[in-house]
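Novice: Take a look and give me a structure for this.
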Amino acid sequence: MVQPMADNGRSAGLSEAERERLKKHFRVNDYYLNLIDWDDPKDPIRKHLIAAGEAPHVIQEFTWEAAGCKHIYQSMVLLPVSHAAEGIAYIAEHNEIHKVVLTGDSLMLGIAKLTRIIEQLRDIEHIGTIRLDSRMPVHNPMRIYEDHELLEMLSRFSSPEKRIYLMTTINHPRELTSEAKKAFNALHQAGVVVLNQTPIVKGVNNDPLLLGKLIDQLSQAGVSPYSFIINRPNPSYPESSLSLQTQFSIVQQAKELTAELGKRIRLLMAHDYGKVELLDIEGGKAYVKYHHYQEEGKGRFIMLDCPPEASWLEDLSEHDDHMVYLPSGQPAKNK
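Specialist: A predicted model of the protein is given here:
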């Protein structure tokens, strides 16, 4: 049963500020809320929900190529499930598009609507990869492994030639319950490839031992650790901020504790205009790679000044003495 965060006396041990943050949060079910030790103010899942309740709403200023569809790379589009019909018409007209990402929590849709969207995409010959984004394997894994109609549909449309991917977000090893693993196994049996991205959250998972454990447990469950995410700093919740140097160091230590498969995980900033990969911080310099939405900027490698307190890309770009490098490795310009 889905209930508000403050129901059943769960807010009794929270401060007034925490209660206000939780009022802004989405609803989750009793299964997930029962993962929390509500008597422990440092419980990592509880702290994550409080931080998420205060997370800033970031609006990406996209120019939509068609109603309901954003053509972000030459071969890839973002398709919000709320505008799928208009977007699918655009996708069908553009043969260069091979990958579609359904944005919004796709598994929150009714099975009939989700089936209709995926079926229409599979009718477009040039679409190969379909990616679903969902926290359902963590928040409500029973919704997956008990829904035989959902699993049958996924199995029908995820073939060896054209796979369906699911990107989930697991923040802490305690979320990898036996129920969650049962959901992952059901997805695997349906032919779905499951990936994970994890935001680095202060007080939740900013510990290399914990992240190393998470990487290993994800791999053991057949979930590929894809990326760690640097969160955009929130001025109204400054105590949640971590410097880029701190986050990079934590991730590097975690990768050193894992087996070979875990070492490929990337550290990314989801910026308004594209993904920015943090490759290294050394000697007061940050080395980043731009994965722009615009093709002409894609793949650029940049070295920027990195002050100790820097926590976001703009903290680096304010400095003037940085060099931009093109993929060839030749300097392009000074700023």
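Novice: Without its sequence neighbours, what residue ends up closest to the residue nearest to the spatial centre of the chain?
Specialist: The geometric centre of the chain, computed from its C-alpha atoms, lies nearest to residue 197 (CA atoms, centre = their mean), at 4.5 Å. Nearest in space to residue 197, with sequence neighbours left out and distances taken as CB to CB, 6 or more residues apart in numbering, is residue 227 at 4.7 Å. For the C-beta atoms, the positions are set from N, CA and C on the backbone; glycine is no exception.
Novice: same for the helix or strand where residue 121 lies, what does it pack against?
Specialist: Here residue 121, judged by DSSP states H and E, is contained in helix 111-122. Helix 111-122 sits against helix 84-92, strand 129-133, helix 148-157, with contacts defined as 3 or more CB pairs under 8 Å, 6 or more residues apart in numbering; DSSP states H and E.
Novice: So which elements touch whichever helix or strand comes after the last one?
Specialist: Moving toward the C-terminus from helix 148-157, the next helix or strand (DSSP H and E) is strand 164-168. On a contact count with 3+ CB pairs under 8 Å, 6+ apart, strand 164-168 meets strand 129-133, helix 136-139, strand 193-199.
Novice: So for residue 177, which of the ones you listed sits nearest?
Specialist: helix 136-139 (8.6 Å; CB to CB).
Novice: do you know how far the residue nearest to the centre of the chain is from residue 276?
Specialist: 14 Å (CB to CB, to the nearest Å).
Novice: What of residue 81?
Specialist: Residue 81 is 26 Å from residue 276, by CB to CB.
Novice: likewise residue 134?
Specialist: In terms of CB to CB, residue 134 sits 24 Å off from residue 276.
Novice: What of residue 199?
Specialist: Counting by CB to CB, the gap from residue 199 to residue 276 is 15 Å.
Novice: In this model residue 78 seems to touch residue 70, though I could be wrong.
Specialist: Yes - assessed by CB atoms under 8 Å, residue 70 is found in contact with residue 78 at 4.4 Å.
Novice: Alpha carbons only: can I get stretch 112-131 in PDB?
Specialist: The C-alpha trace of stretch 112-131 is given here as PDB (Å, rounded to 0.1, in the frame of the first residue of the first chain):
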ATOM      1  CA  ALA A 112      -1.400  -1.600 -21.400                       C
ATOM      2  CA  LYS A 113       0.100   1.900 -22.000                       C
ATOM      3  CA  LEU A 114       3.700   0.700 -21.600                       C
ATOM      4  CA  THR A 115       3.000  -2.200 -23.900                       C
ATOM      5  CA  ARG A 116       1.500   0.100 -26.500                       C
ATOM      6  CA  ILE A 117       4.600   2.400 -26.400                       C
ATOM      7  CA  ILE A 118       7.100  -0.400 -26.700                       C
ATOM      8  CA  GLU A 119       5.200  -2.200 -29.400                       C
ATOM      9  CA  GLN A 120       5.000   1.000 -31.500                       C
ATOM     10  CA  LEU A 121       8.800   1.500 -31.100                       C
ATOM     11  CA  ARG A 122       9.500  -2.100 -32.100                       C
ATOM     12  CA  ASP A 123       7.400  -1.500 -35.200                       C
ATOM     13  CA  ILE A 124      10.000   1.100 -36.300                       C
ATOM     14  CA  GLU A 125      12.700  -0.900 -38.000                       C
ATOM     15  CA  HIS A 126      15.600   1.400 -37.300                       C
ATOM     16  CA  ILE A 127      15.100   1.400 -33.500                       C
ATOM     17  CA  GLY A 128      17.500  -1.100 -31.900                       C
ATOM     18  CA  THR A 129      17.900  -0.200 -28.200                       C
ATOM     19  CA  ILE A 130      15.000   0.800 -25.900                       C
ATOM     20  CA  ARG A 131      15.900   1.900 -22.400                       C
END
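Novice: who touches it?
Specialist: By CB atoms under 8 Å, 6 or more residues apart in numbering, the residues outside stretch 112-131 that reach it are 79, 81, 84, 88, 91-92, 95-102, 106-107, 109, 150, 153, 157, 162-167.
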